[in-house]
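Q: Quick one: sequence plus predicted model below, questions after.
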Amino acid sequence: MTLLHVENLCVRFPSDQGEVEVVRGLTFTLGRERLGIVGESGSGKSMTGRALMGLIPKPGRVTADRMEFEGIDLRGLAEPAFRRLRGARMSMAMQDPKFSLNPVIRIGDQIAEALEFHSRLSARDRRARVLEVLQAVRIDDPERVYQLYPHEVSGGMGQRVMIAMMVILEPALMIADEPTSALDVSVRAQVLEIMDDLVRRRGMGLILISHDLNMVARWCDRILVMFNGQVVEECAAGQLHAATHPYTQGLLASMPRLDEDRAQLPVLDRALIGAGLGGRT
Amino acid sequence: MTDTPTPFPAKAPGFSGPWWQAVWFAITVALTFLGLLAITFVIGRVVPIDPVLAVVGDRASQATYDAARAAMGLDDPMIVQFARYVWGVMQFDLGVSVSTNRPVAQDLARVFPATLEMATLGILIGVVVGVPMGVLAAARQGTWIDQVIRVIGLAGYAVPAFWLGLVGLVVFYAKLRWVGGPGRIDIFLDGMVAPVTGLLLIDSLLAGDMDSFRSAFGHIILPSTILGFYSLAYIARMTRSFMLEQLGQEFIVTARVKGAPARVVIWRHAFRPIRVQLITVIGLSYAGLLEGSVMIETVFSWPGIGNYLTGALLNADMNAVLGATLVVGAVFIVINKVSDAMYRVLDPRAR
Ligand SMILES: Nc1ncnc2c1ncn2[C@@H]1O[C@H](COP(=O)(O)OP(=O)(O)O)[C@@H](O)[C@H]1O
Ligand SMILES: [Mg+2]
């Protein structure tokens, strides 16, 4: 079943030199699968995620020929209707728990908010559900963690809290925007493992956004490679080695491997890629 | 597993917990007060006003002068004099005012409540109106509402207090008769309620004297509103900029991702974190009002501490000047400590 249909998605921001297009004609579909969006910093990955959530900041404009989620047309969807989707049917795990959790609200209460906005559960039932979901992200002492403030937990714990917050209502779609790039290398795999487990078990669709091709290849079924606001390559995770676009090949070539015998990693030839795209570099 | 919560900063046993915090708090308050006393003491010694001459007059003989000087303890070592001064202050002995011929403490007990009452009502207006205005301006950034609020904020800087006071008196007192005139209460009601707190609004309520209450309210509302206007201009401007800073944070996006309605995003996620900053701003603003606005107290013939201090300065009435300075200093200390304590309560990171 198709969760998401996106055709010719564009995100534009007005600037002094006219409009800047940061997402340029993105087209893809998503089922109950794990889709990776990979690309270098500034290629428009986050803006794609935010556009899907209806959260492009103010002067920005979103257009698309088609943008459908569970059969609902997201284009020009009124804010109250969009609000009913957010957190309940679609959610987005943010990058750095240090900045994306409210510093003065207890962790448990922040998770419980999703239930407050979307259900009529009593405060007691909400609390019980929060403790459950904390356990689901493998926090052993949920009662204690419920009471903590974000500054009192580590990055890895904070990110598990973030994931708990975004899956508590079992949405159909979760977007994870660089969910591990702010974390210590030692806890990244664990956080991804927990997220992956939840997503599969609950049959959710996942869009995993990252600049790390290795990671996306490891945790996703399908991959979109973005460059300069456009998709330059789309393939199954297992087919990356057969990638045809020079940018993807460049990314692959510049990735260190364990069986490394090259003295120096090659550098992306940006002029070549830019010429191939016929756009800005 | 390396992913354990970061440990709390280790504290030496016996030096933590609410008890120790309370003790430490009391110690710092006491030390700050002692510092304040040292300052007023030193000022009293260095100003070129001879307290002996003020008592004996400038035609006294040298012998009389010396005797008076010794009797006043001015020949004793400084540290003894300072100890005597501190001891006196602790018993509310601030000396006698040469202009009113009454103990300074008595004068202050009369004028400070007058300022306190007006300033408190002023800051209440400033907070109750200014904070929502600032929040609204930030939530509607760039719209006409924001512009209107910005203009009001600017007016708080541009319009002089005495002008606003005079215009207010002409319009609302002389023309419309909506409010009482200068002074704290109508003359025929003056002295009718027994002073308990010195705050007329409260004393009249305590006495059940509604006529006095209405009259006092009619007199205080205009000057308080003008003070309130100045503090709300400042508070609204600061609230707006604090809110804008928070609204740009990542956790605001998180809240919206969860489906939070605008009201929750603004009042829970953006406003809660700025409460501690606002307390500092409100405390500063309140302390400023408690110094006594000389302009407003003059225009409204308000017998407050601003008027008293100005009069004392003009008369070289050192005891009165130092006493009033002590009160103003104490007000700053108290407000500072109260906002400190509230900071701890409201910000989990400061606990
Ligand atoms: N509010 C904004 N106004 C103008 N340009 C923006 C804004 N936010 C992001 N951009 C631009 O959009 C482009 C894509 O950003 P983003 O989607 O965050 O990239 P990334 O792939 O690193 O997540 C960047 O070039 C960035 O400068
Ligand atoms: Mg990004």
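A: Here it is on my side, so go on. Ligands and ions are numbered 1, 2, ... in the order given.

Q: list the contacts for the nearest residue to residue A:134 once chain neighbours are set aside?
A: Nearest-residue entry for residue A:134: residue A:142, 3.7 Å, with adjacent residues in sequence omitted and distances by C-beta to C-beta, 6 or more residues apart in numbering or on different chains. Just so you know, the C-beta spots here come from the backbone N, C-alpha and C atoms, and that holds for glycine as well. By C-beta atoms under 8 Å, 6 or more residues apart in numbering or on different chains, the contact list for residue A:142 reads A:130-132, A:134-135.

Q: now, which of the residues you listed sits nearest ligand 1?
A: Within the set of those, residue A:134 lies nearest ligand 1; the separation is 28.7 Å, counting by C-beta to the nearest ligand atom.

Q: Where does the closest one sit, in terms of helix or strand?
A: With secondary structure defined by DSSP states H and E, residue A:134 is part of helix A:123-136.

Q: Could you list the domains of chain B?
A: According to the domain assignment given by automatic domain parsing, chain B is divided into the following structural domains: B:19-90, B:105-158+B:225-350.

Q: any idea which of those domains scores lowest on pLDDT?
A: Comparing those by mean pLDDT, the weakest confidence falls on domain B:19-90, with a mean of 85.

Q: State the separation between the helix holding residue A:134 and the centre of the chain it belongs to.
A: Mean-position distance between helix A:123-136 and its chain equals 24 Å (C-alpha atoms, centre = their mean, to the nearest Å).

Q: Residue B:206: neighbour count?
A: 14 (other C-beta atoms under 10 Å in any protein chain shown).

Q: give me every residue that touches it.
A: Contact partners of residue B:206, counting by C-beta under 8 Å, 6+ apart, are B:193, B:196-197.

Q: same thing with residue B:246?
A: Counting by C-beta under 8 Å, 6+ apart, residue B:246 touches B:252, B:269-271, B:273-274.

Q: Drop anything exposed from those residues.
A: Applying 16 or more other C-beta atoms under 10 Å in any protein chain shown to the contacts of residue B:246, the neighbour count classes B:252, B:269-271, B:273-274 as buried.

Q: Report the separation between residue B:68 and chain A.
A: 61 Å (C-beta to the nearest C-beta, to the nearest Å).

Q: nearest residue to that residue other than its sequence neighbours?
A: In space, and not counting its chain neighbours, residue B:68 is closest to residue B:56: 4.9 Å by C-beta to C-beta, 6+ apart.

Q: Identify the residues contacting that neighbour.
A: B:64-65, B:68.

Q: Of these, which qualify as buried by neighbour count?
A: Burial by neighbour count, 16+ other C-beta under 10 Å: within these this picks out B:65, B:68.

Q: So which of the contacts of residue B:56 reach ligand 1?
A: Of the residues in those, proximity to ligand 1 by C-beta under 6 Å from any ligand atom holds for none.

Q: Secondary structure added to the contacts of residue B:56, as JSON lines?
A: Formatted as JSON lines, the entries for these read as follows, by DSSP: H, G, I helix; E, B strand; the rest coil:
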{"residue": "B:64", "secondary structure": "helix"}
{"residue": "B:65", "secondary structure": "helix"}
{"residue": "B:68", "secondary structure": "helix"}
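
Q: rewinding a little: per-residue confidence at the residue nearest to residue A:134?
A: For residue A:142, the predicted pLDDT is 96.

Q: And for residue A:208?
A: Taking residue A:208 on its own, its pLDDT is 96.

Q: who are the neighbours in contact with it?
A: Residue A:208 sits next to A:34-37, A:176, A:179, A:215-216, A:219-220 when contact means C-beta under 8 Å, 6+ apart.

Q: mind checking the backbone torsions on it?
A: phi -100, psi 120 (degrees, to the nearest 10).
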